[in-house]
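**Student:** Need coordinates for the following:
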Amino acid sequence: MSQQQETEQARGKWRIEVDRLVCAGSGLCLGTAHGRMRLDGGRARPVDEVVPPDDGVRDAAETCPMEAITVRDATTGEVLAPLR
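**Tutor:** So this is what the prediction gives:
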């Protein structure tokens, strides 16, 4: 897929990133961002890295006790959560 196609596909979407070295594996994000996160090897991982805007995903990033989750605008890379 070309860079232009990726950019067009990402427009209006969010990218979920998890720092698996920081993640404590509490599973709090699984309940907060229902269906968007899963545990893999005892650590959180997004089901899909790029998703439509979802308040649950933003809430998961804001409430993660380890601040291991970052939500970005998939097109611009702007950090949407957690707001520091």
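
**Student:** Give me the phi and psi angles of the residue positioned nearest the centre of the chain.
**Tutor:** Note on the chain: the residue nearest the mean C-alpha position is Ile16, at 2.1 Å, using Cα atoms, centre = their mean. Ile16 adopts backbone torsions of phi -100, psi 130, taken as degrees, to the nearest 10.

**Student:** Wait, it touches Pro46, no?
**Tutor:** Yes: counting by Cβ atoms under 8 Å, Pro46 is a contact partner of Ile16 at 4.0 Å. Where C-beta positions appear, they are placed from N, C-alpha and C, glycine not excepted.

**Student:** any shared contact partners between the two?
**Tutor:** Arg36, Met37 (Cβ atoms under 8 Å, 6 or more residues apart in numbering).

**Student:** Who does the residue nearest to the centre of the chain form a beta bridge with?
**Tutor:** Here Ile16 sits in beta bridges with Val71, going by DSSP bridges.
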